[in-house]
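[1] got a predicted structure plus its sequence, pasted below:
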Amino acid sequence: MNSTNTTFNLLPFDKSHEQNQSTITRMELLEFWHNRFGILPEIFKEYTFWEKGSGKIWAFKGNLPQKTEIEALGIRFTTTNQKNWKPTTNAAQKFGHHATKNVLSLPLDQILKFVQRDSLYLDWIGEPGYVIVRGNLSNHTMQIGVGLYSNGILHSQIPKSRQLHLP
Amino acid sequence: MSDFTSIFSRYEPLLEDHSQFLDVCNTPLPYVVRINTIKTTIEKSIDIFSDLSIDVIPCKWNPLLFQINTTSPGNTLPYLLGWIHGQEEVSSLPPLVLDPSPGDRVWDACASPGSKTSQLAALMNDMGLLVANDSNLRRMPALRSNLERLGVTIAAVTHSDARHFSLKPFDFTVFDSALVDAPCSGEGTIRKNPSALRKWSLEKLFSLQKLQLSILRRAVNVVKSGGTVVYSTCTFSPEENELVVDKILSEGNCTLIPFDLPILSSPGVTEWDGIQLDSSLHLCKRIWPNQNNTGGFFIAKLEVK
Ligand SMILES: C[S@@+](CC[C@H](N)C(=O)[O-])C[C@H]1O[C@@H](n2cnc3c(N)ncnc32)[C@H](O)[C@@H]1O
């Protein structure tokens, strides 16, 4: 087994922890979720965040030694190796109900397109970038995933491996 | 009747109605899903099934299980949302028998594809630590993606041979409990997979027995004194069930403890092939397919000394 493939590094709290090999800090990560989606850092107080490979951040509810050789730790949470940081579908499903901005709620017919990775043309005006997509059904709200919004178009970010093929 | 009839004739002495058993083995099993309480509730799930016109029938003994009238539960919205997971009725029993508490440290020795791991996480309210291990690299992706889809954030996934499992990545030395859902000959899955017994042989049962015993021994070693180890298989052969438990008992580090099941079952056998086994083995439970119209299963609950 290639050990660098399985090394999880704990994100340091802030920049003062210089010996750490991570590309970002816990504070920067939680600031992103707060600024972009209005989710308070409080929400994540039980979680530790880990980097495996550059810019792939995982969320794990618990503590382990700072450098851990393992296959997986909790859920993939955010991708930070690109200009616009991107929440994963699983993170949006798990934490999306706390979001207060850059959230889009869709009716059933549009959800069924979104989960088949179709792009949607919307009469919604929002900030361009990643949004959390919700659905409304029978008085219940559900957290569906992440979309990339720009100029009236919502591009579904449902991973190919999760895409539904509906009749 | 298909070719399993001759193999299963060896179980005639263990069954009250052997021909009914064979008949049931010849009928397919319905698809069953478990509601994932980490991400949703029973009420929400029932509403979404109805919104999407998915027909479901609740399971009589477990409010979280539903028979689902589709051949591909994986291609539905509730699945994508991580609200449901395809899992047979009998497969949901071992985690209920292990009965972990939120905050526990639990080892799942043979975890892929994670049906029982994710159920354990739900029983723990996604609080504590769940170490999900499997030795088969090809089965890792399914384990990882199921745990992520189901919103399990307390799992650490390891890839290792459970017989030599190392606690090195962790900062503790014992688990509170462990589940050994062992690799087995799979006789009890015949209804789901009619070709399950194509490679059946007596030699194979004995080589599996060796593997099962070594994994179970490691589990007993890494669980604290007074902690629980549940051993389960989806097979009927006493070679892979009571005989494995008999051997671990004889090593003196654990004892069998009684438990109840919400469905019909038979006690473990205390004699097989002319060999007398430990008398406490009646505390194990066998679930025959004709008892509750399910797949077949074996469960033993052990307490570490
Ligand atoms: C019955 S299946 C487990 C099913 C799983 N518990 C679930 O509920 O989804 C048995 C598993 O044991 C794994 N296995 C086989 N030999 C092993 C070993 N020596 N160490 C760890 N896992 C092993 C197999 O790869 C297989 O995934």
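    Perfect, thanks for sending it.

[2] any chance you could map the helices in chain A?
    All helices of chain A, identified by DSSP state H, fall at A:26-37, A:89-95, A:108-114.

[3] now check the first one, is it near chain B?
    Same thing as helix A:26-37. No: contact of helix A:26-37 with chain B (Cβ under 8 Å from any Cβ of the partner chain) is absent, the minimum separation being 15.1 Å. For glycine as for every other residue, the C-beta is placed from the backbone atoms N, C-alpha and C.

[4] figure out the helix or strand that the residue of the stretch 151-300 of chain B found nearest chain A lives in.
    Across the stretch 151-300 of chain B, the shortest distance to chain A (Cβ to the nearest Cβ) belongs to residue B:157, at 3.9 Å. Under the criterion of DSSP states H and E, residue B:157 resides in strand B:155-159.

[5] the helix or strand following that strand: partners in the sheet, and parallel or antiparallel?
    Downstream of strand B:155-159, the next assigned helix or strand under DSSP H and E is strand B:175-181. The strands beside strand B:175-181 in its sheet (DSSP bridges) come out as strand B:105-108 (parallel), strand B:223-233 (parallel).

[6] contacts (any at all) between the ligand and the shortest one?
    This points to strand B:105-108. No: on the criterion Cβ under 6 Å from any ligand atom, strand B:105-108 is out of touch with the ligand, staying 6.6 Å away.

[7] buried ones in that strand?
    For strand B:105-108, the neighbour count (16 or more other Cβ atoms under 10 Å in any protein chain shown) marks B:105, B:106, B:107, B:108 as buried.

[8] would you state the strands of chain A in chain order?
    A:7-10, A:47-51, A:56-61, A:67-69, A:72-73, A:75-79, A:86-87, A:103-106, A:120-121, A:129-137, A:140-150, A:153-156 (DSSP state E).

[9] contacts made by the first one with the rest, please.
    The one in question is strand A:7-10. A:20-22, A:48-52, A:58, A:64, A:66-70, A:73 (Cβ atoms under 8 Å, 6 or more residues apart in numbering or on different chains).

[10] how far does it sit from its chain's centre?
    18 Å (Cα atoms, centre = their mean, to the nearest Å).

[11] okay, that strand in CSV with CA atoms only?
    Backbone C-alpha positions of strand A:7-10 (Å, rounded to 0.1, in the frame of the first residue of the first chain) are rendered in CSV as follows:
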residue,chain,number,x,y,z
THR,A,7,-2.3,9.8,5.2
PHE,A,8,-4.9,12.0,6.9
ASN,A,9,-3.5,15.3,8.3
LEU,A,10,-5.5,17.1,11.0
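
[12] so what's residue 30 closest to, chain neighbours aside?
    Looking at chain A here, since you left the chain open. residue A:41 (4.1 Å; Cβ to Cβ, 6 or more residues apart in numbering or on different chains).

[13] that's the wrong chain, I meant chain B
    Closest residue in space to residue B:30, ignoring its immediate chain neighbours: residue B:67 at 4.6 Å, by Cβ to Cβ, 6+ apart.

[14] show me what contacts that neighbour?
    Taking Cβ under 8 Å, 6+ apart as the test, what residue B:67 contacts is B:30, B:31, B:32, B:56, B:57, B:58, B:59.

[15] can you tell me which of those is nearest chain A?
    Checking the contacts of residue B:67 one by one against chain A (Cβ to the nearest Cβ), the nearest turns out to be residue B:56, at 14.7 Å.

[16] what about stretch B:114-131, how long is it end to end?
    11 Å (Cα to Cα, to the nearest Å).

[17] who in chain B is up against chain A?
    B:39, B:44, B:47-48, B:50-51, B:75-77, B:80-83, B:126-129, B:140, B:144-145, B:147-149, B:151-159, B:168-171.

[18] buried subset of the residues you listed?
    B:39, B:44, B:47-48, B:76-77, B:80-83, B:126-129, B:140, B:144-145, B:147-149, B:151-159, B:169-170.

[19] out of the residues you listed, which sit inside helices?
    B:44, B:47, B:48, B:77, B:80, B:140, B:144, B:145, B:147, B:148, B:149.

[20] max pairwise distance over those residues: which two?
    B:47 and B:140 (34.5 Å; Cβ to Cβ).

[21] how about residue B:83, what does it touch?
    The contact partners of residue B:83, taken as Cβ under 8 Å, 6+ apart, are A:142, B:35, B:36, B:39, B:40, B:44, B:45, B:48.

[22] let's see that with 10 Å instead.
    A:93, A:142, B:33-41, B:44-45, B:48-49, B:76-77, B:149-151 (Cβ atoms under 10 Å, 6 or more residues apart in numbering or on different chains).

[23] cool, residue B:64 as well?
    Residue B:64 touches B:33-37, B:42, B:45, B:58, B:84, B:87, B:92, B:119, B:122, counting by Cβ under 10 Å, 6+ apart.

[24] which residue is the nearest non-sequential neighbour of residue B:129?
    residue B:105 (4.6 Å).

[25] ok, now how distant is that neighbour from residue A:62?
    10 Å (Cβ to Cβ, to the nearest Å).

[26] joint contacts of those two?
    B:128, B:129, B:130, B:154.

[27] tell me which of those residues is nearest to residue B:237?
    Looking across those and measuring by Cβ to Cβ, the closest to residue B:237 is residue B:130, at 29.4 Å.
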